[in-house]
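Participant: With the sequence up front, the predicted model follows.
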Amino acid sequence: MDWIIPVRWLHVFAASAWFGEVVVINFILVPALTRFQGEARKQFLATVFPKVFRLASVLSGTTAITGGVLLWRYTGGSLSALGGSRWGTCLTIGACMGLVLTLFHFFMEDKLARRVGIGCPDTSMDTVNDVHAKLTLIPRLGLGVIATIFFLMMYAVRGA
């Protein structure tokens, strides 16, 4: 069996799980967080979202690493193979967007998780409200980006 098949499956699985997680954040977790007030919001934020941020980082990192392996395998290490085709154009745009989103997960969401104060009772309500405000916008943008990446990659696969 060719070693690339399990890598491709892992890539698709991680990307799909990442997309699903962003959907859950947007349509379940953020609305639930909005319904909580005061100490309940603080507790929900401090217990649920750091785990969600970690999972997103693992899934995005797995997607990026396996995507890089697939890119190397299909281009033979020559990025010039991406030029001049629908496959290459869509793959390049999607990969760049995915890399930016992955870097966001590793750097910006980690800052948000630390601001929430994982299990820290000293987190101020101002900080909780600030993080909540960011969580009403950032996941929506992430959903738009990751949906675009998904459509670009599906389109690229059809042109290979």
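Facilitator: Yes, it's here.
Participant: And the least confident helix or strand in the chain by mean pLDDT, what does it pack against?
Facilitator: Scoring the helices and strands of the chain by mean pLDDT, DSSP states H and E places helix 86-116 at the bottom, with a mean of 82. On a contact count with 3 or more Cβ pairs under 8 Å, 6 or more residues apart in numbering; DSSP states H and E, helix 86-116 meets helix 38-75, helix 125-159. Placement of C-beta: from N, CA and C, glycine included.
Participant: Tell me which of these lies nearest to Leu103.
Facilitator: helix 38-75 (8.9 Å; Cβ to Cβ).
Participant: roughly how far is the closest one from the heart of the chain?
Facilitator: How far helix 38-75 lies from its chain's middle: 6 Å, per Cα atoms, centre = their mean, to the nearest Å.
Participant: now stretch 133-141
Facilitator: 13 Å.
Participant: So what touches it?
Facilitator: Outside stretch 133-141, the residues within contact range by Cβ atoms under 8 Å, 6 or more residues apart in numbering are 22, 25-26, 30, 33-34, 49, 112.
Participant: Please pick the buried ones from these.
Facilitator: If you count burial by 16 or more other Cβ atoms under 10 Å, the buried members of the contacts of stretch 133-141 come out as 22, 25-26, 30, 33, 49, 112.
Participant: Could you point out which of those is nearest to Asp130?
Facilitator: Closest to Asp130, out of all of the buried ones among the contacts of stretch 133-141 and judged by Cβ to Cβ, is Leu112, at 9.4 Å.
Participant: quick one on the thing from earlier: which one of the helices and strands packed on helix 86-116 lies nearest to Trp87?
Facilitator: helix 125-159 (4.4 Å).
Participant: related to what we said a few turns ago, hey, which of the helices and strands packed on helix 86-116 is tucked in deepest?
Facilitator: When you average the neighbours per residue for each of the helices and strands packed on helix 86-116 (mean count of other Cβ atoms under 10 Å), helix 38-75 leads with a mean of 17.
Participant: Good, wrapping up.
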